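1. with the input below, show me the fold.
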Amino acid sequence: MDRIRRRKHKHQEAADLDVTPFMNLMIVLVPVLLLSMVFTHTTVIDLNFPTGEAADAAFDPDAVHLEVVVREDTLQVADGRGGVIKKLPKVDGSYDFAQLSLVMQELKRRMPEKQDITVLLEQDTDYQTLVTIMDTVRSYPTVQNLEVVQGELFPVISLGDSPSAPAVAQAVPAGGAQS
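-> Have a look, this model is predicted:
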């Protein structure tokens, strides 16, 4: 019986937990994860959408309301009262954003205090065209102190639907009836 008591009272030593392989894994894994991180820069642009309530009451005929109307085949820069300032047809199947930037720079020289512009889009205008137009009318690259910086044009951008294209009038025959 003494033998049985000795076995019961015999201390069993607890097994040590070897964390060396886990620490080696962490030493390799942490730098790899840090190097594979992607840092993104997100820019938020504040847009003014028309409310639709008192748009006609707030219209001031003396003020110029700049608009860029995006059509399927052209970009039109207009004054908001129906007068077209410049029509920019597509060049080689794509919009002429460089010419649009030059027109915006000239308008900014004439109206330096003007901050807002409205971009009017047709329903099937793709997203990349919208973003490129907004970037073009908001700023332009310029050199200042031997460094390329973004010059401000019209940073306050409103969006809307483009008005329907003017219909081409059909000639009416002398008899008064149309065929």
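2. tell me if L33 really is in a helix.
-> Yes: membership of L33 in a helix is supported by DSSP: H, G, I helix; E, B strand; the rest coil.
3. would you mind measuring from it to N24?
-> Going from L33 to N24 by Cβ to Cβ, to the nearest Å gives 15 Å. (Glycine included, C-beta is placed from N, CA and C.)
4. which of the three states applies to the spatially most central residue of the chain?
-> Closest residue to the average C-alpha location of the chain: V131 at 3.9 Å, with Cα atoms, centre = their mean. Secondary structure, three-state DSSP: V131 is helix.
5. what's the spacing between it and S158?
-> Distance, V131 to S158, by Cβ to Cβ: 15 Å.
6. surely E72 and D126 touch.
-> No: between E72 and D126 there is no contact under Cβ atoms under 8 Å: 11.3 Å.
7. got the contact list for the residue nearest to Q99 when sequence neighbours are not counted?
-> Leaving aside its chain neighbours, Q99 sits nearest to L88 (5.2 Å; criterion: Cβ to Cβ, 6 or more residues apart in numbering). For L88, the contacting residues are T74, L75, Q76, V77, Y95, D96, Q99, L100, V103, by Cβ atoms under 8 Å, 6 or more residues apart in numbering.
8. likewise L100?
-> If a contact means Cβ under 8 Å, 6+ apart, then L100 has V68, L75, V77, L88, I133, T136, V137 as its contacts.
9. quickly list what the third one is bridged to.
-> It refers to V77. V68, K86 (DSSP bridges).
10. number of nearby residues for it?
-> Using other Cβ atoms under 10 Å, the number of residues around V77 comes to 21.
11. quick one: it from N145, how far?
-> According to Cβ to Cβ, V77 and N145 sit 31 Å apart.
12. try the last one
-> Using Cβ to Cβ, one obtains 25 Å as the distance from V137 to N145.
13. more neighbours, the two?
-> Between V137 and N145, counting by other Cβ under 10 Å, V137 is the more crowded of the two (25 against 5).
14. which of the residues in the helix or strand where that one lies are buried?
-> Per DSSP states H and E, V137 falls inside helix 127-138. By neighbour count on 16 or more other Cβ atoms under 10 Å, the buried set for helix 127-138 is T129, I133, M134, D135, T136, V137, R138.
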